[in-house]
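>>> just need the structure, nothing else, for what follows:
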Amino acid sequence: MAPVISVLFAILLATQALAAEATENPIIAAAQQVETELDARVGVAIYDTGSGTRWQYNADEHFPMTSPFKVLACGA
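Residues are numbered from 1 along each chain as shown. Below is the predicted model of the structure:
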């Protein structure tokens with residue numbers, strides 16, 4: 001029983017950390033909201049050239065090429 005409680009507690013801590021991150025950053029919160037509304041995976045990468053600030057959401061995920069691939073297909 002103790003291992004189950006430990007795992008549940010770890011999951012609770014992880015979800016709280018993600019929720020705290022989303023409320024601190026409106027860009028991440030917006031990406032998560034879109035992801036929930038569309039029931040899809042969303043990836044966002046923004047770089048502010050003025051301040052050098054970067055925002056990333058699901059930056060480590062791999063997404064299939066769709067529109068960028070069309071340029072390669074037309075050039076072939």
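
>>> low-confidence ranges in the protein?
1-23, 67-69, 76 (pLDDT under 70).

>>> the strands in the protein, which residues?
44-47, 54-57 (DSSP state E).

>>> what's the most buried one of those strands?
strand 54-57 (a mean of 15; mean count of other Cβ atoms under 10 Å). Every residue, glycine included, has its C-beta placed from N, CA and C.

>>> please enumerate residues in contact with it?
Defining contact as Cβ atoms under 8 Å, 6 or more residues apart in numbering, one finds that strand 54-57 is touched by 25, 27-28, 31-32, 42-48.

>>> go with 7 Å
25, 27-28, 31, 42-47 (Cβ atoms under 7 Å, 6 or more residues apart in numbering).

>>> let me know the closest of those to Thr66.
Gly43 (12.3 Å; Cβ to Cβ).

>>> for the closest residue to that closest one other than its chain neighbours, grab the count of nearby residues.
Once flanking residues are discounted, Gly43 sits nearest to Asn58: 4.4 Å by Cβ to Cβ, 6 or more residues apart in numbering. For Asn58, the neighbour count with other Cβ atoms under 10 Å is 16.

>>> show me what contacts Asn58?
By Cβ under 7 Å, 6+ apart, Asn58 lies in contact with 41-43.
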